[in-house]
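**Q** model the following, please.
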Amino acid sequence: MKNKLQVKVLGSGCPKCKKLLEDCQKVFDKKEIQVDIEYITDIEKIISLGVISTPALVINDQTVLSGFLPSRQELEEKIDKFL
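**A** Numbers count the residues shown, from 1 in each chain. Just a heads-up that it's a prediction; the model follows:
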């Protein structure tokens, strides 16, 4: 792993947002990578990060996805780009 990843899942607390959080943790667990995932539900903080549609995933201050729940495989592919 290049550096320690800073991972944020952004959402309103809806089922899709919670599923993204759960799926992220499963991907990191599968890869045996320990990472703290910050779950942000504060709308003002979400907007300050430049995200207007949730669920969203931000890794190392880069928005990786926004506005949809990806398949686990697609999520894994997006995370792999940071490893």
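**Q** for residue 50, what are its contacts?
**A** By CB atoms under 8 Å, 6 or more residues apart in numbering, the contact list for residue 50 reads residue 63. (C-beta placed from N, C-alpha, C; glycine too.)
**Q** tell me which helix or strand it sits in.
**A** Using DSSP states H and E, residue 50 falls within no helix or strand.
**Q** how about the secondary structure of the residue nearest the centre of the chain?
**A** For the chain, the residue sitting closest to the mean C-alpha position, by CA atoms, centre = their mean, is residue 57 at 3.0 Å. Using DSSP: H, G, I helix; E, B strand; the rest coil, the structure places residue 57 in strand.
**Q** now it, nearest residue through space, not along the chain?
**A** In this structure, residue 57 finds its nearest non-sequential neighbour in residue 64, 4.5 Å apart by CB to CB, 6 or more residues apart in numbering.
**Q** helix, strand, or coil at the one you found?
**A** Local secondary structure at residue 64 is given as strand here, using three-state DSSP.
**Q** show the model's pLDDT score for it.
**A** If you check residue 64, the pLDDT there is 96.
**Q** biggest helix in the protein by residues?
**A** Longest helix in the chain, counting residues (DSSP state H): helix 15-30.
**Q** was I right to think residue 61 contacts residue 6?
**A** Yes - taking contacts as CB atoms under 8 Å, residue 61 lies within contact range of residue 6: 6.9 Å.
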